[in-house]
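Student: Structure of the sequence below:
(chains A and B)
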Number of protein chains: 2
Amino acid sequence: MNFTDKLKSIQEQNDSLLCVGLDTDIAKLPASLRGRPDAQLEFNKCIIDATRDLVCAYKINFAFYEGHGARGWETIVETARHIPSSIVTIADAKRGDIGNSSSAYAKAILQDMRFDSVTVAPYMGRDSVEPFLYSEEKGVFLLALTSNEGARDFQLMKTGQRRFFEEVVRKSLKWNVKKNLGYVVGATKASELKTVRAMAPTVPLLIPGVGAQGGDLNNVVRFGCDKNGELAIVNASRSVLYASKGDDFAGAARLEAGRLRDAMNSVREKYF
Amino acid sequence: MNFTDKLKSIQEQNDSLLCVGLDTDIAKLPASLRGRPDAQLEFNKCIIDATRDLVCAYKINFAFYEGHGARGWETIVETARHIPSSIVTIADAKRGDIGNSSSAYAKAILQDMRFDSVTVAPYMGRDSVEPFLYSEEKGVFLLALTSNEGARDFQLMKTGQRRFFEEVVRKSLKWNVKKNLGYVVGATKASELKTVRAMAPTVPLLIPGVGAQGGDLNNVVRFGCDKNGELAIVNASRSVLYASKGDDFAGAARLEAGRLRDAMNSVREKYF
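Tutor: Below is the predicted model:
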């Protein structure tokens, strides 16, 4: 199945735009888990089991695992393996290098680790991005406009007629021959989200920054979805993972995930 | 010792600007090594042993190791451990993420894996780069102008008065409070190398693209060095690693490394 169809299918099946970001920080885990040898993996499995019918995707930020060396790498693999095959998996790795290095990253993440998709940094241009776009079945989310303060430094700079992130979208759309390219656009930037959606009406948009980072759910859904109210993937991490600091963390995560899904669906009913 | 002093010290001690890039591709190893369980590590150790008195740095491109999963990660750690402590180690990981994720990458690479320095992508701006700049003893090489074809797509675009890579250098120099920031500038771009050196006269420049990628050694040394003929780190990977396809690979690598070092030193004698 091609990537976009897989995404649409699970968004319909679970009636959800929600992506849970597995940014699992051992220091923030419940005390009862924290000391265990596989604390991250055990926590991730509980979160997945508690939310798997409420999400369209899980996103794994590699930064939180690489800190644990080879074991962290195994935890990524084991976590991805625990995710039901109907749900989209996103490797939030933000890779991007000269061609032969990008090819090696693409092979590692999309083939060997079997992720459905990966986030990629655009700075090095076309031949750094194309190796990730090799298969219709694999999606690429190119960083366009990120949710952090530093997005102002370069992404919002003027380059002739456009701002830089718009130039990234405009140019990269030409590379989208297999129809598997999407963008990362931060939830904290509502009007720019609208801009990107207008430029790329049919691509998946990965939208982080809801919850702890303060993005507004109403605008995110209204401006991030395609014309059918789909193809926005709205990521929440900390607000779901750490909804409770106690042993009831999985139940609390489920409640928060359900709340987010329902809140987004209310917006969808209103506008689509 | 702070990062720049460590670099100057080894450049003087080994009288060398050469960095060997350990982009070790198992498919390109001599047949006698290829089948072994730790082929990458064994090869790397041989290359290091054969060239350690001829280089100022070793650069490890993570892409070539992540493809082998957790074992690849161990190979990175073991390779780094085999490098003499006087030689600068560069983690060519091209990371960059929102603040807490960049902090996790910085901890993993610079603290846990004990690399002296790391390459970082600038697209996400200041708060994605600063976590890597936390210590005077650790260096950061921010991507400015890369050696690949795709550098034209965004890095060379005009943004007002400047091209984009110049804007990256101009802005990021303000973040260099611990004097541990340098730049990646491809060897294939001689006149832009001159531009970056003029903007940042006292920082280390990591210059890939000599050898297989065709950068001109004369211009690289002339324009990449500081006023004392130092602080350019000129990387060669494939031309050294695969100087011979046979069992004499280590000796051939030593010959090629020596040839590159001597050729660069001739240029240094001429201009500095």
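
Student: Make sure I have this right: residue A:266 is in a helix.
Tutor: Yes. Following the definition DSSP: H, G, I helix; E, B strand; the rest coil, residue A:266 is counted among the residues of a helix.

Student: And the helices in the stretch 1-150 of chain A, which stretches?
Tutor: A:3-13, A:31-34, A:39-51, A:63-66, A:69-82, A:99-106, A:126-129 (DSSP state H, counting those that start in this stretch).

Student: Tell me which of the ones you listed is the most buried.
Tutor: Taking mean count of other C-beta atoms under 10 Å in any protein chain shown as the contact definition, the stretch among the helices of the stretch 1-150 of chain A with the greatest mean neighbour count is helix A:63-66, which reaches a mean of 25. Where you see a C-beta, it was placed from the backbone N, CA and C, and this is true even at glycine.

Student: how about that helix, does it reach chain B?
Tutor: Yes. Between helix A:63-66 and chain B, judged by C-beta under 8 Å from any C-beta of the partner chain, the touching residues are A:63-64, A:66.

Student: Ok, stretch A:145-162 next?
Tutor: Yes. On the criterion C-beta under 8 Å from any C-beta, stretch A:145-162 is in touch with chain B at A:146-155, A:157-160.

Student: Turn the residues of helix A:63-66 next to chain B into JSON lines, columns for pLDDT and distance to residue A:233.
Tutor: Converted to JSON lines, the residues of helix A:63-66 next to chain B look like this (pLDDT from 0 to 100; distance: C-beta to C-beta, whole Å):
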{"residue": "A:63", "pLDDT": "95", "distance to residue A:233": "19"}
{"residue": "A:64", "pLDDT": "94", "distance to residue A:233": "19"}
{"residue": "A:66", "pLDDT": "90", "distance to residue A:233": "23"}
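
Student: Residue A:148 touches residue B:127, doesn't it?
Tutor: Yes. If you go by C-beta atoms under 8 Å, residue A:148 and residue B:127 touch, sitting 5.4 Å apart.

Student: Are there residues contacting both of these two? Which ones?
Tutor: In the contact map built from C-beta atoms under 8 Å, 6 or more residues apart in numbering or on different chains, the residues linked to both residue A:148 and residue B:127 are B:98-99.

Student: and which of the residues of stretch A:145-162 next to chain B is nearest to residue B:257?
Tutor: Residue B:257 has its nearest neighbour among the residues of stretch A:145-162 next to chain B in residue A:154, at 36.4 Å by C-beta to C-beta.

Student: so the closest one touches residue A:164, yeah?
Tutor: Yes. Between residue A:154 and residue A:164 there is a contact under C-beta under 8 Å: 5.9 Å.

Student: shared neighbours of these two, anything?
Tutor: residue B:164.

Student: what bits of the stretch 151-272 of chain A have low per-residue confidence?
Tutor: Residues of the stretch 151-272 of chain A meeting the criterion pLDDT under 70: A:212-215.

Student: The residue of it at minimum distance from chain B is in what secondary structure piece?
Tutor: For the stretch 151-272 of chain A, the nearest residue to chain B under the criterion C-beta to the nearest C-beta is residue A:153, separated by 3.2 Å. Secondary-structure element containing residue A:153, defined by DSSP states H and E: helix A:151-154.

Student: Sheet-wise, list the partners of the next helix or strand after that helix with their directions.
Tutor: Sequence-wise, the next helix or strand downstream of helix A:151-154 (DSSP H and E) is strand A:158-159. Strand A:158-159 has the following strand partners under DSSP bridges: strand A:162-163 (antiparallel).

Student: Mind giving me the ChimeraX command for buried ones among the residues of stretch A:145-162 next to chain B?
Tutor: Buried members of these, identified by 16 or more other C-beta atoms under 10 Å in any protein chain shown, are gathered into one ChimeraX selection as follows:
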select /A:146,147,148,150,151,153,154,155,157,159
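
Student: quick revisit: quick check: which of the helices of the stretch 1-150 of chain A is nearest to residue B:172?
Tutor: Between those, helix A:126-129 lies closest to residue B:172; by C-beta to C-beta that is 19.8 Å.
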